[in-house]
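K.L.:
quick one, fold the following:
(2 chains)
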Amino acid sequence: MPITFSNPAALWALLGIPIVIAIHFLQRRSRRVVSTTLFLLQQMRRESETGNRIDRLRVSIPFWMQLLAVLVLTWLLAGPRWMKKDAVQRIAIVLDSSASMSAFREPALEAVVTSLDSLLNPLSRAELSLLSSDAEAPPLYHGTSSVELRAALSHWQPLLGVHDFSPSLRSARSLVGEKGVVLLITDHAIAERPASDAKVISIGEAKANVGWAGVTVERKDGQWIWRAVVRNYSNKPQQRGWLARTDKAKTEPTPLVMEPRETRTLSGPFPTDPSGVVATRMTLELTADDFTLDDTLPLIQPQPKVITLLPPKGKSASNEALRDFVSRYDDVSEVEDATTADIVSLIWPSSLALPDDRHAVIFTAPPKAENPTYLTGRIVAESHVLTDGLNWQGLLVREGIEIPASPQDRVLLWQGERPLISLRSTPQDKLQLLCHFDLISSNARKLPAIAILLHRFFEGVRLAKVAPESANFDLRQRLIVAHTTKPAAPDLILERDNASPQTIPLAQARLLRAPLQPGFFTIKQGDTRLLTAAAHFADAREADLSDAAPFSELSQAKATHLEAVHEADPAWRLWLLILLAALLVSWWFSRERVAQDHPLPSVPS
Amino acid sequence: MTALLQDPAALRAIHANARGWARVLKLPFRQQRWRGQSGQFLGTGVGSSLDFQDHRVYQPGDDPRQINWQAYARTGHYSMKLYREEVRPLVDLIFDVSASMFAFPAKEQRTLELFAFAVEASLQTGATLRCFLVRGAAHRLIENDAILAGRWPEELERFAETHASEPPALARLPLRAGSMRLLISDLLFPAPPESILTALSSRNGRGIVFAPFSREESDPGWDGNFEFLDAETESLHDHRIEPALLRRYADAYHRHFELWKAAAAKQGIALARVDAERDFLKAMRAEGASVGAVEV
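P.N.:
Here you go, the predicted structure:
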């Protein structure tokens, strides 16, 4: 029956055995006694060798009792436990998949192996689980073989940002049951107790890291300018070098000396290749360190989708006002043909029929009456993505024309019982923003809420438009790529540099995210390129390794594991009695010996 | 010198006790035929005691008071009744005053008690007592008055320190012929018993040996390392005593006295070992009476 100890450190108490032996070896009986029969002893000189400063082992009763006491005490302190019959060792290891763990990948893998070696008893059946802290990822391993579990470690990719471990820990707990062991391997101590009574092993240590912390790309004076933030996360000065690389060229490395905790912004234009063509994409590179994710920063010139707008026809003041109002938005171009317009803008009533297959922005014509009164009543906005957070209390609207309501209308803004703004969904899934007031007699053009409302509406249209665009994203950022959803439409294809294309079924398109590694990527549908993008690491919390520190609750986990699969020595009370008896007997015989010592009388001269 | 030996009053107290013991226990004077001055004990010759010895034909010069007139009336011949003579016995008391005799308090007490008893038992019977203090090859004769006054320990200081470990040289003692020789010694020396006992029985002597012993010698209970202080030489000796060795020691100790007893029996000497831990009378009766060293 395999035996183990809940407190192996107590085995150090076995050192008491050599100590007891040494005491009995070394004890020098300096008792001096008078002898009148020395000649008898000297006749047996061979048996009673003299002159030993170190006594031979004296196998007295106290000696054996003291040895027995040491053994029993060690036994009791060590807490021997036996493996239960039919015991199953259930262990789940949750690996922190935060990006910062990539700097400690080897120690983390070693910690898994060490933990298994420490916890597992090869003589008993085991159920092992290896999970990532990414709750959406499938388990890395679930089975009975520690060898297979170790092989599965290679699939672990710590690339997430800061996230909650609790879902994964709950999953792990459900796998191992109430008495199983859940280990969380991370790189920093956790202030609060983790969920599901998980034991924490931190393999991290403070490391200096300098990396790219974010970037913006903007057009200035007709030129694309990038502004990248580089940060020293450590508490010591750091020296690095950086360069910009394009597909055809790269710049010379530039030294970069960073003060402790310094954040510095670097900027520059997109470089031109030797032929004088401005590169559409580039990569900023820092001297590599232990945390490599933020050492490269891929960039691409952003090219948002352009939405086409059909302005209102006619030269009336209302039409001119509306045209002037909607044409001020970026990436909006006017077209003359309604069939090519994404959004139709018009003044109601209009000579044109309101198309169902187009998005529309509609304001009413000014009232014909002289100085109509302002609407009274309280202005109330419905909860909607277009109106959330906007202040409408400054809107002044006069009595005038009201666009006839439709069952598909949803009122977004009320004044009293009168709708001011409503949103209509056409049978062809187009959105039409109906403003039941005019731009001339109202103060809508001066109201920020109206401008933001229209911006949101345009962005919604832009987002839904199937058209190519270019953009920069964070790693694993959720992507919304407008695509054709017709039944026969092809699947989406995600292409990355130095990686095989990944096909994404249309049903999973809404789950699309940017890649986990920095780099360039494209998304196509069939032959149509929908998105050209670059993904970069920009999670400053994960890049900061200064708080990483080692920590281990493996001993507690082992104690829990032993408690679950082992049973305690049922005879501990008997051992305790034996210990007391041994001590008592030892004391008794030592006491008798002392009593036998004779006083030293004086000898007559 | 121990405190007890330096205290004459204590010695006199021991003598006072010994007088009482001497009235209970007697030295075996009756087991021996004595010659010498008239006294209380039967001599080897014909005397005037009440003890009838023999008849013989009257010869001229015989004391007419000893004629057996009843026999003359029956036979018409003079015949004489002969009676045993009564003489004063001679006692040579040899007191081994080697240091081992005083090594332990109980043994010292018992040694002094034996010495006092021997003196008192001798004197009470009117014996002519001569007392020798013996240490190794040296000996000194001490006066009876000094003994009774408790001054005899002063003689101990006059012994030379050398040869203290040698056995008592009894052959050098001027023991009287036909005397009772009382030896008080623990017999703890490696010399053969015959060399000692022969001196006791020579010249028609009657030897009696009183050998006091204590538990420190017979059952020491040693276990472990000891630094033994030799009682005679005061030299130190390291020995490690284990239970097996202790058993061998006990065997050797027992065998040592068996040899002495065998040798004493062979020479007609009564050897009585006297336990120091027991009451004096009980200790004397235990072995002294059975071997004829004392009479009740």
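K.L.:
top helix in chain A by residue count?
P.N.:
Determined from DSSP state H, the single longest helix within chain A is helix A:572-596.
K.L.:
what comes up buried for that helix?
P.N.:
A:575, A:578-579, A:582-583, A:585-586, A:589, A:593 (16 or more other Cβ atoms under 10 Å in any protein chain shown). All C-beta spots, glycine's among them, are computed from the backbone N, C-alpha and C.
K.L.:
what's near enough to touch the one residue in the stretch 1-150 of chain B that gets nearest to chain A?
P.N.:
Closest to chain A within the stretch 1-150 of chain B is B:Ser100: 3.8 Å, counting by Cβ to the nearest Cβ. Residues near B:Ser100 by Cβ atoms under 8 Å, 6 or more residues apart in numbering or on different chains: A:36, B:186, B:188, B:231-232.
K.L.:
now those residues in a markdown table, with distance to A:Ser546 and secondary structure?
P.N.:
Shown next, in a markdown table, are these (distance: Cβ to Cβ, whole Å; DSSP: H, G, I helix; E, B strand; the rest coil):
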| residue | distance to A:Ser546 | secondary structure |
| --- | --- | --- |
| A:Thr36 | 83 | coil |
| B:Asp186 | 90 | coil |
| B:Leu188 | 87 | coil |
| B:Ala231 | 82 | coil |
| B:Glu232 | 85 | coil |
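K.L.:
which of the residues you listed sit farthest apart?
P.N.:
Across the contacts of B:Ser100, no pair lies farther apart than B:Asp186 and B:Glu232, at 11.0 Å, counting by Cβ to Cβ.
K.L.:
more neighbours, the two?
P.N.:
Shown here are B:Asp186 and B:Glu232; by other Cβ atoms under 10 Å in any protein chain shown, B:Asp186 has more neighbours (25 against 22).
K.L.:
need the contact list for the more buried one.
P.N.:
A:36, B:96, B:98, B:100-101, B:107, B:111, B:211-213, B:217.
K.L.:
now with 10 Å, please.
P.N.:
When the contact criterion is Cβ atoms under 10 Å, 6 or more residues apart in numbering or on different chains, the partners of B:Asp186 are A:36-37, B:96, B:98, B:100-101, B:103, B:107, B:110-111, B:210-214, B:217, B:231, B:273-274, B:276.
K.L.:
so where's chain B uncertain?
P.N.:
For chain B, the stretches with pLDDT under 70 are B:1, B:31-53, B:83-87, B:160-165.
K.L.:
longest helix of it?
P.N.:
Looking across chain B with DSSP H, the single longest helix is helix B:243-266.
K.L.:
beyond it, next helix or strand please.
P.N.:
Sequence-wise, the next helix or strand downstream of helix B:243-266 (DSSP states H and E) is strand B:270-275.
K.L.:
need the three-state assignment for B:Ala191.
P.N.:
coil (DSSP: H, G, I helix; E, B strand; the rest coil).
K.L.:
quick one, helices of chain B?
P.N.:
B:8-24, B:69-75, B:105-124, B:144-149, B:193-201, B:215-218, B:243-266, B:280-283, B:290-291.
K.L.:
do the same with the stretch 401-550 of chain A
P.N.:
Listed in chain order, the helices of the stretch 401-550 of chain A (DSSP state H, counting those that start in this stretch) span A:448-464, A:540-543.
K.L.:
mean pLDDT for these: which is lowest?
P.N.:
Among the helices of the stretch 401-550 of chain A, helix A:540-543 carries the lowest mean pLDDT, a mean of 89.
K.L.:
now for it, which elements pack on it?
P.N.:
strand A:210-220, strand A:223-232 (3 or more Cβ pairs under 10 Å, 6 or more residues apart in numbering or on different chains; DSSP states H and E).
K.L.:
now tabulate those in CSV and tack on mean neighbour count.
P.N.:
As requested, the helices and strands packed on helix A:540-543 are exported to CSV (neighbours: other Cβ atoms under 10 Å in any protein chain shown):
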stretch, mean neighbour count
strand A:210-220, 18
strand A:223-232, 18
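K.L.:
closest to A:Thr484 out of these?
P.N.:
strand A:210-220 (28.4 Å).
K.L.:
what angle do that closest one and strand A:223-232 make?
P.N.:
160 degrees (axes from the mean of the first three to the mean of the last three Cα atoms, to 10 degrees).
K.L.:
given strand A:210-220, what are its sheet partners and their directions?
P.N.:
strand A:223-232 (antiparallel) (DSSP bridges).
K.L.:
put the alpha carbons of the partner strand into CSV.
P.N.:
Written as CSV, here are the backbone C-alpha positions of strand A:223-232 (Å, rounded to 0.1, in the frame of the first residue of the first chain):
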residue,chain,number,x,y,z
GLN,A,223,0.7,62.9,-46.0
TRP,A,224,0.1,59.9,-43.8
ILE,A,225,1.9,60.4,-40.4
TRP,A,226,2.2,57.7,-37.8
ARG,A,227,2.6,58.5,-34.1
ALA,A,228,3.8,55.5,-32.0
VAL,A,229,4.1,55.4,-28.3
VAL,A,230,7.1,53.5,-26.8
ARG,A,231,7.3,52.9,-23.1
ASN,A,232,9.9,51.7,-20.6
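K.L.:
any idea which helix or strand comes after that strand?
P.N.:
Strand A:223-232 is succeeded, C-terminally, by strand A:238-245 (DSSP H and E).
K.L.:
tell me the helix or strand right after that next one.
P.N.:
strand A:254-258.
K.L.:
run the chain-centre distance for the helix or strand following that following strand.
P.N.:
Counting by DSSP H and E, the next helix or strand C-terminal to strand A:254-258 is strand A:263-269. With Cα atoms, centre = their mean, to the nearest Å as the basis, strand A:263-269 stands 28 Å off its chain's centre.
K.L.:
the inter-axis angle of strand A:263-269 versus strand A:210-220?
P.N.:
Going by the same axes, to 10 degrees, strand A:263-269 makes 40 degrees with strand A:210-220.
K.L.:
what touches both of B:Asp186 and B:Glu232?
P.N.:
A:36, B:98, B:100, B:103.
K.L.:
and which of the residues you listed is nearest to B:Pro243?
P.N.:
If you rank those by distance to B:Pro243 using Cβ to Cβ, A:Thr36 comes first, at 21.3 Å.
K.L.:
I figured the closest one was touching B:Asp96, is that so?
P.N.:
No. A:Thr36 is not in contact with B:Asp96 according to Cβ atoms under 10 Å; the separation is 11.6 Å.
K.L.:
got TSV for the helices of the stretch 401-550 of chain A, with mean neighbour count too?
P.N.:
TSV is the format used below for the helices of the stretch 401-550 of chain A (neighbours: other Cβ under 10 Å):
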stretch	mean neighbour count
helix A:448-464	18
helix A:540-543	20
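K.L.:
tabulate these (JSON lines), appending distance to A:Ala279.
P.N.:
Formatted as JSON lines, the helices of the stretch 401-550 of chain A follow (distance: least, Cβ to Cβ, whole Å):
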{"stretch": "helix A:448-464", "distance to A:Ala279": "26"}
{"stretch": "helix A:540-543", "distance to A:Ala279": "26"}
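K.L.:
pLDDT weak spots in chain A?
P.N.:
Using pLDDT under 70, chain A drops low at A:1-2, A:26-30, A:45-59, A:352, A:591-605.
K.L.:
can you list the domains in it?
P.N.:
Chain A breaks down into these domains under automatic domain parsing: A:3-79+A:576-596, A:88-206+A:547-567, A:211-300, A:307-464, A:469-536.
K.L.:
just say which of those domains is most tucked in.
P.N.:
domain A:88-206+A:547-567 (a mean of 19; mean count of other Cβ atoms under 10 Å in any protein chain shown).
K.L.:
distance from that one to the middle of the chain?
P.N.:
15 Å.
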